[in-house]
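Colleague: Predicted model and sequence follow; I will ask about them next.
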Amino acid sequence: MYGCVDIYNTKFIHHFEQEKFNAETYIIFLENVLAKNFYGKQVYYIQDNASYHKDGDVWKWFLENKHWLHVKNLPPYCPELNATEHIWHHTRVSGIHNQHFDSKEKIVTNLEKVFSDIQKNPKQIEGYMRPFL
């Protein structure tokens with residue numbers, strides 16, 4: 001899953017990636033999810049240090065979109081500074097912790113339910129976002 005959260009209104013958006021996490025699929029997320037939801041607004045986008053976040057093609061995309069998107073990388077090994085990490089924790093606890101899944105499809109179904117619930121009721125994650133405001 002790729003995901004991001006608007007910390008001001010607790011809007012959580014995500015994209016399930018079937019294949020792999022790399023620069024190509026990250027750019028697809030940026031174009032089809034991030035830009036679709038936030039284009040035209042001034043966005044300060046903070047990302048962690050996944051290897052594909054540092055890819056030249058990714059930074060070329062960021063440069064092409066710098067008129068609305070301001071990107072910063074977190075320091076290495078600082079998940080406590082990443083608002084989305086709190087969403088992933090909530091997701092694990094709410095959707096997959098201490099459960100057995102006999103197929104990938106069942107895991108995805110559970111994850112999609114948790115994410116849908118967050119989108120329908122963003123107050124679930126509001127408390128996680130307070131430290132970042």
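Modeller: Now that the structure is in, tell me what you want to look at.
Colleague: By residue count, which helix of this protein is the longest?
Modeller: Longest helix of the chain, by residue count under DSSP state H: helix 104-120.
Colleague: What helices and strands are in contact with that one?
Modeller: For helix 104-120, the packing partners by 3 or more C-beta pairs under 8 Å, 6 or more residues apart in numbering; DSSP states H and E come out as strand 11-15, helix 83-91, helix 123-129. Just so you know, the C-beta spots here come from the backbone N, C-alpha and C atoms, and that holds for glycine as well.
Colleague: gap between it and the chain center?
Modeller: The chain centroid and the centroid of helix 104-120 are separated by 14 Å under C-alpha atoms, centre = their mean, to the nearest Å.
Colleague: Mind listing what's buried along it?
Modeller: Using 16 or more other C-beta atoms under 10 Å as the test for burial, helix 104-120 gives 110-111, 114-115, 118.
Colleague: likewise stretch 62-77?
Modeller: Within stretch 62-77, the residues that count as buried by 16+ other C-beta under 10 Å are 62, 65, 69, 71, 74.
Colleague: Quick one: end-to-end length of that stretch, please.
Modeller: Counting by C-alpha to C-alpha, to the nearest Å, you get 23 Å between the two ends of stretch 62-77.
Colleague: Check stretch 32-44 too.
Modeller: Note: stretch 32-44 ends 18 Å apart using C-alpha to C-alpha.
Colleague: So for it, mean pLDDT?
Modeller: The pLDDT scores in stretch 32-44 average 91.
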